[in-house]
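Novice: okay, sequence plus prediction incoming.
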Amino acid sequence: SIRALRHARQAPATRGGRGPFLAVRQPTGADGKDGASVAEVQAMAHTLRGLRIVQGADATVERVRTELSFAATVHFACHGMSDAEDPSRSYLDLADGHLAVRDVARGHLPHAQLAVLLACHTTRTDRLPDEAVHLTSAFQTAGYPQVVGALWEATDLVSVRLTDRLYRDLRSYGDGLDVTDTARVVHGIVRGLRKRHPGSPHVWAPYVHTGR
């Protein structure tokens, strides 16, 4: 959107700054078990000092919307769902309900720099392949100039490795992130995964970067 593009050009000097860094976690395993979500957040915390984690019953829709107002970098480790009939109703699954595309897109997030949405289907378009209506585009519309999403359900172990490598490679001097390098870093990670798993595109192909 024009708003997202304008924001991307107005805020390059911060490069993600020293935070605030936010992780939102919900169980992603079968039968309500934690799954890979814990390892994803741990990988993020290993690199970023001062990471704020909102998880479990605390990760309500209202709480997350409030936290987003202050977050420069946000990482969602939770389930996502794409609605084929009405893409604006696609959502991230939180403790007490859904954070939908329409809710995110209406937000005004002045500190936004990088959103990482490795939940399933965050960049899926279903029946409208020429319409960019999905969670990834919603975060960009809300002000995030750099967004990493997934086209389909990604392999747990690979998502954890991608998380670890992404934040380590974006690490800048001090405790900050150079988010202006996100596209190159994601490209390098995906190329490495493709080289390692050449016959399994479902492993490396779902990850998508949108932004400048």
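Specialist: Received the coordinates, thanks.

Novice: where does the residue most central in space within the chain land in three-state SS?
Specialist: Among the residues of the chain, the one closest to the centroid is residue 116, at 1.8 Å (C-alpha atoms, centre = their mean). Applying DSSP: H, G, I helix; E, B strand; the rest coil to residue 116 yields a three-state assignment of strand.

Novice: and the pLDDT at it?
Specialist: You'll see residue 116 listed with a pLDDT of 96.

Novice: contact partners for it?
Specialist: Residues counted as contacts of residue 116 (C-beta atoms under 8 Å, 6 or more residues apart in numbering) are 73, 74, 75, 76, 147, 148, 163, 166. Every residue, glycine included, has its C-beta placed from N, CA and C.

Novice: who does residue 54 form a beta bridge with?
Specialist: For residue 54, the beta-bridge partners under DSSP bridges are residue 24.

Novice: what distance do you get for residue 37 to residue 139?
Specialist: In this view, residue 37 and residue 139 are 19 Å apart by C-beta to C-beta, to the nearest Å.

Novice: what of residue 25?
Specialist: Going from residue 25 to residue 139 by C-beta to C-beta gives 17 Å.

Novice: those two: who's more crowded?
Specialist: Using other C-beta atoms under 10 Å, the more surrounded residue of residue 25 and residue 139 is residue 139, with 32 against 22.

Novice: can you tell me, leaving aside adjacent residues, what's nearest to that one?
Specialist: Distance criterion C-beta to C-beta, 6 or more residues apart in numbering; nearest residue to residue 139, sequence neighbours excluded, is residue 115 at 4.3 Å.

Novice: identify the residues contacting the one you found.
Specialist: Applying C-beta under 8 Å, 6+ apart, the residues near residue 115 are 73, 74, 75, 76, 139, 144, 146, 147, 148.

Novice: same check, this time on residue 59
Specialist: Contacts for residue 59 (C-beta under 8 Å, 6+ apart) come out as 24, 25, 26, 78, 94, 95.

Novice: most neighbours of all these, which one?
Specialist: Counting neighbours by other C-beta under 10 Å, the top entry in these is residue 24, with 28 neighbours.

Novice: thought that residue was touching residue 73?
Specialist: No - counting by C-beta atoms under 8 Å, residue 24 sits too far from residue 73 to count as a contact (11.6 Å).

Novice: for residue 29, grab phi and psi.
Specialist: phi -90, psi 180 (degrees, to the nearest 10).

Novice: quick one: the helices in the chain?
Specialist: Counting by DSSP state H, the chain has these helices, from start to end: 2-10, 37-47, 61-68, 101-105, 135-142, 156-170, 182-196, 201-204.

Novice: can I get the ones you listed in JSON lines with mean pLDDT?
Specialist: As requested, these are exported to JSON lines (pLDDT from 0 to 100):
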{"stretch": "helix 2-10", "mean pLDDT": "56"}
{"stretch": "helix 37-47", "mean pLDDT": "94"}
{"stretch": "helix 61-68", "mean pLDDT": "95"}
{"stretch": "helix 101-105", "mean pLDDT": "89"}
{"stretch": "helix 135-142", "mean pLDDT": "89"}
{"stretch": "helix 156-170", "mean pLDDT": "94"}
{"stretch": "helix 182-196", "mean pLDDT": "96"}
{"stretch": "helix 201-204", "mean pLDDT": "92"}
